[in-house]
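A.B. asks: Build the 3D model from these lines:
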Amino acid sequence: MNRLFDFSVEQEVIQVNYRYSLGHSLGESFLSNDKVYSYINIPKNASSAAKEIFHEWTPANFQNVQDRPTGEYIVILRDPTARWISAMAEYLVGKYSTLGPKNNGLDDQEIYKILDSIVFKNLLFDFVVFDGHSLPQCWFLQNLKIDNIKFFYFDETTFDRICAHTNVYKPNNRPVNASMGINKKQIIVKYLKELTSTDPKLQKIIDIHYYADHKLLDLVKL
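C.D. replies: Numbers count the residues shown, from 1 in each chain. All right, here's what the predicted structure looks like:
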């Protein structure tokens, strides 16, 4: 997990804490112009498409009092395993991670060779959470009252339902994350789907790491 550690001495007592250096911080949101709604940005939950939908809304940080909506927060939740698979593809070869650009020069055969490595698989399922894209979804909802959140489960109708709820115009063609067209990502996604679907032990590891997200999904009405 990529972290930055902060060090300080307060009243002669050593203090150390860490913050995620991941490109996605707690509080990222978009506030509607009338300040009634706030969309909370959770990476790998159709966030790229949502940013296009809410492009006229104001970038905000819900941790700031002035950036909080008078109405409700809009949150998209996704199946934890599907989201993790997408997050790993982004982390390994995507342009929005720290490692992805460094792997840009690898060809498809080199990607296959890495995926087939026992060391890679052991490392993958030992860490599970590597950067902001794979942080639990509930991490991005800290300090919010659950009754102030309108949750939408991610599927093909998500943006139809959100736009109808917020009265936001929806383009005829849903925005698409262009980076998902990268063949290297598709290779990784296919590999991890097969791996988690055929090995119950590995799937259990993912479920344990995202136990908090499963609890959230069981709790909220979607």
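
A.B. asks: So, low pLDDT: which residues of the protein?
C.D. replies: Applying pLDDT under 70 to the chain picks out residues 1-3, 19-23, 173-182.

A.B. asks: Tell me the secondary structure at the residue minimising distance to the centre of the chain.
C.D. replies: Nearest residue to the geometric centre of the chain (C-alpha atoms, centre = their mean): Pro43, 2.7 Å. The local conformation at Pro43, judged by DSSP: H, G, I helix; E, B strand; the rest coil, is coil.

A.B. asks: check contacts around it.
C.D. replies: 24, 87, 132-133, 135 (C-beta atoms under 8 Å, 6 or more residues apart in numbering). Backbone N, C-alpha and C define where each C-beta goes, glycine included.

A.B. asks: Most neighbours of all the residues you listed, which one?
C.D. replies: Gly132 (27 neighbours; other C-beta atoms under 10 Å).

A.B. asks: Which helix runs longest in this protein?
C.D. replies: helix 183-198 (DSSP state H).

A.B. asks: what's the next secondary structure element after it?
C.D. replies: Sequence-wise, the next helix or strand downstream of helix 183-198 (DSSP states H and E) is helix 200-209.

A.B. asks: residues of the next helix or strand after that following helix that come out buried?
C.D. replies: Next helix or strand after helix 200-209 toward the C-terminus (DSSP H and E): helix 211-219. Neighbour counts over helix 211-219 (16 or more other C-beta atoms under 10 Å) mark 213-214, 216-217 as buried.
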